[in-house]
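Visitor: Predicted model and sequence follow; I will ask about them next.
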Amino acid sequence: MPTPASPPDADSAAQAAEAAEAAARRSYGKLVAILAGRTRDVAAAEDALSEAFAAALADWPARGVPQAPEAWLLTVARRKRVDAVRRDRLDEEASRQLLWLADEIDEHDPSAVPDRRLGLLFACAHPGIDAAVRAPLMLQVVLGFDAATIASAFLVAPAAMGQRLARAKAKIRQAGIGFEVPACDALRERLDAVLDAIYAAYAEGWSDPEGADARRRNLAGEAIWLGRLLASLLPDAPEALGLLALMLHAHARRDARRDAAGDYVPLAAQDPARWDAALIDEAEALLSRAGRLGQPGRFQLEAAVQSAHAVRRRRGEADWSAIEQLYEALATLTGSPVAALNHAVALARTRGPQAGLQALQPLGADRRLADYQPYWAARAELLLQAGDRAEALQAYTRAIGLESDPAVRRFLQRRAEAASVGTPPQDQADPPGRFARD
Amino acid sequence: MEYMLLIHSDPSGFEAAPPAQKQEALAAYGAYTQALQQAGVLRGANRLRPPQAATTVRLESGKTKVLNGPYADTREQLGGYFLIDVPDLDSALSWAARCPGASHGAVEVRPVWPLGAD
């Protein structure tokens, strides 16, 4: 890149940096999808793209932001890719790659950058990619998050996360995983994996309700962004609409989960006036659109549960019998012990604590719940309502020891204290951490 | 694999806390210890007396030197440890995140180096 003759003034430099950052955020996945579309070399595409962003930071302050920033970035990144192939490889593979790259440059109008992110999302959630790395991979290649940020969000060592991402990209390249949207019959199954990965990213972001960790708080927002992207690209996929509705419902209650003192407020004790009405309305519209398509599924059911909670806005009380039935359907459909746990909690609401405890009984043997805080908190709450204070205290202690969020830990400690002095239970039969991944 | 969870935190925060808060903090550690036990992963744990109680010894050119105070003069000090046995680093990190020390300080996760291992 030529260096400008005079140093750029601070204002235009800041503007250009902002424009470059905005373009990076908006266009990252789009550009990766195009740059790696033929060669399937995601890592090389990302390298070329980061060089292009660096070039933009040097060039734009001096010459102004180009009219079509995406196309500018794409052109520069392609040039960098070609340079890199020429530099690194001298074999037949290199000439094939150069041909592909030349092909791509010719086949499009340079100012119109096509959107192939959907194919990229499907590649990230391909069955050949380890399920645990799908969500991190999407965050990196579609949104441009760095490995250290993703590692913090998923509670994994940064070095290990970097290796897992690199391995997944090598797999895409070596196994030749295509960036195509699967055909009808395979679409549904493959879509589930995409939805799961987006939801996993949302759940990780949700677990920082205090918003203390800006990166993590961002993650929930970015997952919603991916959900919106997916719903706009697949408007007739009911589960894609269902997932977006679910995330928007949950997001609407984000701020209501803490009081002014920063203490945890369980769902049942939240003030509906603090819920975001616009997000709830949007979620409701999505859910009814999904319903009209006539293919119920896991995410629509989960969104419907949230919708049944949201009716408290109008009726003053959640629709517990609907919640109870929806969780029963979810538990049957998914076999998830977390759905069964939530069903037991809902049963306690509709038929009393003994019915809830009875439904909880078989779950005690499920090893997947042994270290799951909401199980112990729910058990404690139901035992307390049933009058078994000693057992309730033990379950509270277990829940406290398993919780990592200090505000929720404090809440549980206070509930345990109240239980030990015999304060009658309040209306709070709501296991904290409802959105933890199952 | 065995991992040592080393809790580093500023002891003055705890010292200055009102009694009810101190009790709550200790109860949280009690519950955490119990959760580790019930998960079958706890191998050992101890709380350490504050850095004022520390004495540091080293041998320099054949002479012993004994100093009052901790080895590192930093605001955050080693305050205790948990030794756990879990399958891998991922699960060690998830237990570290649950340790109350992670919210009032920092928890360093170090794999144990068994004698004789490379």
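Guide: Looks like it came in fine. Numbers count the residues shown, from 1 in each chain, chains lettered A, B, ... in the order given.
Visitor: how far away is B:Gln38 from A:Ala399?
Guide: Using Cβ to Cβ, to the nearest Å, one obtains 12 Å as the distance from B:Gln38 to A:Ala399. (C-beta placed from N, C-alpha, C; glycine too.)
Visitor: okay, the two: which has more neighbours?
Guide: The neighbour comparison of B:Gln38 against A:Ala399 (other Cβ atoms under 10 Å in any protein chain shown) goes to A:Ala399, with 30 against 17.
Visitor: show me where the stretch 1-150 of chain A has helices.
Guide: A:10-35, A:42-63, A:69-88, A:92-107, A:117-124, A:131-141, A:147-153 (DSSP state H, counting those that start in this stretch).
Visitor: ok, for A:Leu326, nearest residue in space, not its chain neighbours?
Guide: Spatial nearest neighbour of A:Leu326, excluding adjacent residues (Cβ to Cβ, 6 or more residues apart in numbering or on different chains): A:Val305 at 4.8 Å.
Visitor: I figured that neighbour hits A:Tyr327, correct?
Guide: Yes - look at A:Val305 against A:Tyr327 with Cβ atoms under 8 Å: they come within range, at 6.6 Å.
Visitor: Spell out which residues are contacts of both of these two.
Guide: Jointly contacting A:Val305 and A:Tyr327 under the rule Cβ atoms under 8 Å, 6 or more residues apart in numbering or on different chains are A:Asn342.
Visitor: Whatever residue of the stretch 1-150 of chain A ends up closest to chain B: neighbour count?
Guide: Proximity of the stretch 1-150 of chain A to chain B (Cβ to the nearest Cβ) peaks at A:Ala132, 9.0 Å away. The burial count assigned to A:Ala132 is 15, neighbours taken as other Cβ under 10 Å.
Visitor: Check A:Leu165 too.
Guide: Number of residues near A:Leu165 (other Cβ under 10 Å) recorded here: 22.
Visitor: Residues contacting the host helix or strand of it, please?
Guide: Applying DSSP states H and E as the criterion places A:Leu165 in helix A:158-175. In this structure, residues lying in contact with helix A:158-175 by Cβ under 8 Å, 6+ apart are A:39-43, A:123-124, A:126, A:128-130, A:132-133, A:136-137, A:140-141, A:147-148, A:150-152, A:154, A:156, A:177, B:89-90.
Visitor: Can you name the residue of the stretch 251-400 of chain A nearest chain B?
Guide: With Cβ to the nearest Cβ, the shortest gap between the stretch 251-400 of chain A and chain B falls at A:Ile400, namely 3.8 Å.
Visitor: Contact distance from chain B - what residues of chain A qualify?
Guide: Selection of chain A residues close to chain B by Cβ under 8 Å from any Cβ of the partner chain yields A:155-157, A:160, A:370-371, A:397-398, A:400-404, A:406, A:409-410, A:413.
Visitor: how about a cut-off of 10 Å?
Guide: With the criterion set to Cβ under 10 Å from any Cβ of the partner chain, chain A comes near chain B through A:132, A:151, A:154-157, A:159-160, A:207, A:212, A:370-371, A:373, A:376, A:394, A:396-407, A:409-410, A:412-414, A:416-417.
Visitor: out of the residues you listed, which are buried?
Guide: Neighbour-count burial within the residues of chain A next to chain B applies to A:151, A:154, A:156, A:207, A:370-371, A:373, A:376, A:394, A:396-407, A:409-410, A:412-413, A:416-417; the criterion is 16 or more other Cβ atoms under 10 Å in any protein chain shown.
Visitor: count of neighbours near residue 37?
Guide: You didn't pick a chain, so chain A it is. If you count neighbours by other Cβ under 10 Å, A:Gly37 ends up with 19.
Visitor: ah, no, chain B please
Guide: Burial of B:Gln37 is recorded as 12 neighbouring residues (other Cβ under 10 Å).
Visitor: same check, this time on A:Ala278
Guide: Around A:Ala278 sit 9 other residues, with neighbours defined as other Cβ under 10 Å.
Visitor: Also B:Pro51?
Guide: Summarising burial for B:Pro51: neighbours were counted as other Cβ under 10 Å, giving 16.
Visitor: Contacts only, for it.
Guide: Going by Cβ atoms under 10 Å, 6 or more residues apart in numbering or on different chains, B:Pro51 touches B:Pro11, B:Gly69, B:Pro70, B:Tyr71, B:Ala72, B:Asp73, B:Thr74, B:Gln77, B:Leu78, B:Gly79.
Visitor: Could you rerun that using 7 Å?
Guide: B:Pro11, B:Gly69, B:Pro70, B:Gln77 (Cβ atoms under 7 Å, 6 or more residues apart in numbering or on different chains).
Visitor: Can you give me the distance of the last one to B:Thr55?
Guide: Going back to what we said before, that points to B:Gln77. As defined by Cβ to Cβ, B:Gln77 lies at a distance of 14 Å from B:Thr55.
Visitor: Would you quantify the distance from the residue nearest to A:His251 when sequence neighbours are not counted to A:Tyr264?
Guide: In this structure, A:His251 finds its nearest non-sequential neighbour in A:Leu279, 5.7 Å apart by Cβ to Cβ, 6+ apart. When distances are taken as Cβ to Cβ, A:Leu279 and A:Tyr264 turn out to be 21 Å apart.
Visitor: A:Leu139 too?
Guide: Applying Cβ to Cβ, the value for A:Leu139 to A:Tyr264 is 27 Å.
Visitor: So which of those two has more stuff around it?
Guide: A:Leu139 (28 against 21).
Visitor: how far does the lowest-mean-pLDDT helix or strand in chain B sit from the chain's center?
Guide: Ranking every helix and strand in chain B by mean pLDDT, DSSP states H and E puts helix B:11-16 at the bottom, with a mean of 90. Once both centres are worked out by Cα atoms, centre = their mean, to the nearest Å, helix B:11-16 turns out to sit 16 Å from its chain's centre.
Visitor: near chain A, anything from it?
Guide: No - counting by Cβ under 7 Å from any Cβ of the partner chain, chain A is not contacted by helix B:11-16; separation bottoms out at 13.1 Å.
Visitor: so what secondary structure elements neighbour the helix or strand following that helix?
Guide: In the C-terminal direction, the helix or strand that comes right after helix B:11-16 (DSSP H and E) is helix B:19-38. Secondary structure elements in contact with helix B:19-38, counted by 3 or more Cβ pairs under 7 Å, 6 or more residues apart in numbering or on different chains; DSSP states H and E, are helix A:389-402, helix A:406-421, strand B:42-47.
Visitor: Worst mean pLDDT among the ones you listed?
Guide: Mean pLDDT is lowest for helix A:406-421 among the helices and strands packed on helix B:19-38, at a mean of 91.
Visitor: Distance from the chain centre to it, please.
Guide: Here the centre of mass of C-alpha atoms in helix A:406-421, compared against the chain's by Cα atoms, centre = their mean, lies 30 Å away.
Visitor: Contacts for it next, please.
Guide: Contacting residues not belonging to helix A:406-421 are listed as A:210, A:258, A:262-264, A:377, A:384, A:389, A:392-393, A:396-397, A:399-400, A:403, A:432-433, B:24, B:27-28, B:103 [Cβ under 7 Å, 6+ apart].
Visitor: Could you rerun that using 6 Å?
Guide: The list of residues contacting helix A:406-421 from outside it, by Cβ atoms under 6 Å, 6 or more residues apart in numbering or on different chains, reads A:264, A:384, A:389, A:392-393, A:396, A:399-400, A:403, A:432, B:24, B:28, B:103.
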